[in-house]
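Undergrad: this is a predicted model, with the sequence first.
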Amino acid sequence: MISLKNINKYYKQGEQEVHILHDITLDIQQGEFVGIMGQSGSGKSTLINIIGFLDREYKGDYVFKEDNIVHYTNKKFTYLRNKNVGFVFQNFKLINNLSVAENVALPLMYAGVKKKEVTQRVSEVLEKVGLGGYEKSIPSQLSGGQQQRVSIARAIVGNPTFLIADEPTGALDSQTSAEIMALFKQLNTLNHTTIIIVTHDPNVGKQMDRLLTILDGRLISDTEGE
């Protein structure tokens with residue numbers, strides 16, 4: 001589904017050009033449960049920005065569903081991202097003055113889905129993440145784990161092709177982290193959702209079916225999980 005070939009990424013720092021990613025080549029198949037692990041500054045966030053269609057300023061080839069997207073227009077690129085990717089963040093990124101249901105509904109509202117269908121899909125996805133009955137709550141009334149579940153619900157409500165979670169357990173205690181990881185695994189197993197989790201936590205990494213390790217912008221290992 002995702003095929004990167006010889007991806008190189010550079011940033012300008014004044015007069016200097018800094019080489020961030022070095023010849024990254026990898027494939028991710030539909031339905032995989034993949035971790036990307038690396039220390040701060042290793043390039044893992046830069047890599048997922050490319051995988052998630054947030055960054056198109058790179059050298060190399062990106063083939064998505066057998067289509068090389070390198071020459072896509074900005075409009076087509078944005079459509080590709082909105083149609084195919086759900087994002088989960090470490091700090092949840094919920095809107096505090098909106099209810100749980102309203103937060104989860106945002107991607108559907110932007111996509112122009114009819115109100116009746118929005119209500120039904122939001123209710124279904126909240127049940128799926130264990131938050132049925134919380135539709136009218138606001139984020140500040142929820143625990144960190146519950147807020148992350150809302151974030152996951154928002155990410156999957158549009159039935160994305162794949163999910164990218166950037167340090168999704170970084171702000172959570174160990175028990176809540178385990179619950180969130182179990183939820184990701186359930187989504188992957190039951191719904192066959194392709195999930196890519198970025199982490200620097202070995203306890204998270206060892207739960208993945210496949211673990212990619214990034215060091216100094218290079219892919220140094222690609223191994224099956226324990």
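TA: Cool, got the structure. The model shown is predicted, which means the values in this text are computed figures rather than measured ones.
Undergrad: low-confidence ranges in this protein?
TA: Applying pLDDT under 70 to the chain flags residues 225-226.
Undergrad: just the strands in the chain please.
TA: Assigned by DSSP state E, the chain shows strands spanning 2-13, 16-28, 33-37, 59-64, 67-68, 85-89, 162-166, 194-199, 210-215, 218-224.
Undergrad: need these in a markdown table (columns: mean neighbour count).
TA: To be clear about C-beta, it is placed using only N, CA and C from the backbone, and glycine gets the same treatment. Below are those laid out as a markdown table (neighbours: other Cβ atoms under 10 Å):
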| stretch | mean neighbour count |
| --- | --- |
| strand 2-13 | 15 |
| strand 16-28 | 15 |
| strand 33-37 | 23 |
| strand 59-64 | 16 |
| strand 67-68 | 10 |
| strand 85-89 | 20 |
| strand 162-166 | 23 |
| strand 194-199 | 24 |
| strand 210-215 | 19 |
| strand 218-224 | 13 |
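Undergrad: distance to Ser174 added to those strands, as TSV?
TA: Converted to TSV, the strands of the chain look like this (distance: least, Cβ to Cβ, whole Å):
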stretch	distance to Ser174
strand 2-13	31
strand 16-28	28
strand 33-37	17
strand 59-64	36
strand 67-68	41
strand 85-89	19
strand 162-166	17
strand 194-199	14
strand 210-215	20
strand 218-224	24
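Undergrad: hey, C-alpha coordinates of stretch 50-69 in PDB?
TA: Extracted as PDB, the C-alpha positions of stretch 50-69 are listed here (Å, rounded to 0.1, in the frame of the first residue of the first chain):
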ATOM      1  CA  ILE A  50       6.000  12.400   4.600                       C
ATOM      2  CA  ILE A  51       4.100   9.100   5.000                       C
ATOM      3  CA  GLY A  52       1.000  11.000   6.100                       C
ATOM      4  CA  PHE A  53       1.000  13.400   3.200                       C
ATOM      5  CA  LEU A  54       1.800  16.400   5.400                       C
ATOM      6  CA  ASP A  55       5.200  17.100   3.700                       C
ATOM      7  CA  ARG A  56       5.800  16.900   0.000                       C
ATOM      8  CA  GLU A  57       9.200  18.600  -0.100                       C
ATOM      9  CA  TYR A  58      11.500  15.600  -0.400                       C
ATOM     10  CA  LYS A  59      13.600  13.800  -2.900                       C
ATOM     11  CA  GLY A  60      12.700  10.200  -3.900                       C
ATOM     12  CA  ASP A  61       9.600   8.300  -4.800                       C
ATOM     13  CA  TYR A  62       6.400   7.700  -2.800                       C
ATOM     14  CA  VAL A  63       4.100   5.100  -4.400                       C
ATOM     15  CA  PHE A  64       0.700   4.900  -2.700                       C
ATOM     16  CA  LYS A  65      -1.700   2.200  -3.900                       C
ATOM     17  CA  GLU A  66       0.500   1.700  -7.000                       C
ATOM     18  CA  ASP A  67       0.300   5.500  -7.900                       C
ATOM     19  CA  ASN A  68       3.400   7.600  -7.700                       C
ATOM     20  CA  ILE A  69       2.300  10.800  -5.900                       C
END
